[in-house]
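**Q** Here is the input, now give the coordinates:
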Amino acid sequence: MNWKAAIDKFEERRLAIWENMPQDVYDLSGGKVPGDTNVYGQYVTTMMYADSELRTLCDEVLFYMIETAKEGDVDLRTLIHFAKRILDYKAKFFVFTGVPMASELLFMYLEALDSVETLEEFVHLSNAALKYFKPFTLPMRCLRPSIPVTH
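**A** Residues are numbered from 1 along each chain as shown. Predicted coordinates for the structure are as follows:
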């Protein structure tokens, strides 16, 4: 998938989140964890792992990759290689923690990186991913009201 098509998909899915909680998150809130990651029916720890991975994806990885690309003095191929190394792990971990929809879209992002030819395109694609994944963390935090929502 090219980077422009990926941006369109992120936007479509992002807007849908505000209408309906992602099924992955809804299922997780009811204790349904794909792959039986939960232990003896306990799913809160799994949900906390998923939330933590989504938060670090947004607040640490995507945000700082975007900021680095905006500086303009970084090599695009190195930045893409770095992104693929880190985010492949996160995408696989999302499946483990019960949010395969997040994994699917993160793998889409990784595939779309292959079509990026400039730092500006990298920033546009990464901003679309950030705008999608950041609201995705909102339902996770709503399920755990003791954790403040940050934007």
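**Q** in this protein, what secondary structure element scores lowest on mean pLDDT?
**A** When the helices and strands of the chain are scored by mean pLDDT, DSSP states H and E, helix 23-29 comes last with a mean of 74.
**Q** Which is the succeeding secondary structure element to that helix?
**A** Using DSSP states H and E, the helix or strand that follows helix 23-29 in sequence is helix 44-56.
**Q** What is that next one packed up against?
**A** Where contact means 3 or more C-beta pairs under 8 Å, 6 or more residues apart in numbering; DSSP states H and E, helix 44-56 is packed against helix 23-29, helix 76-96, helix 119-142. Glycine gets a C-beta too; all of them are placed from N, C-alpha and C.
**Q** Could you list the residues in contact with the second one?
**A** Contacts to helix 76-96, defined as C-beta atoms under 8 Å, 6 or more residues apart in numbering, come from residues 34-35, 37, 49-50, 53-54, 56-57, 61, 65, 68-69, 100, 102-103, 106-107, 109-110, 113-114, 116-119, 122, 126.
**Q** pLDDT wise, what is residue 115 at?
**A** On pLDDT, residue 115 comes in at 98.
**Q** Please tell me how far it sits from residue 104.
**A** Residue 115 is 18 Å from residue 104, where distance means C-beta to C-beta, to the nearest Å.
**Q** ok, for the residue most central in space within the chain, nearest residue in space, not its chain neighbours?
**A** With distances taken as C-alpha atoms, centre = their mean, the residue of the chain nearest its centroid is residue 133 (4.3 Å). Spatially, and ignoring its direct neighbours in sequence, residue 133 is nearest to residue 58 (5.2 Å; C-beta to C-beta, 6 or more residues apart in numbering).
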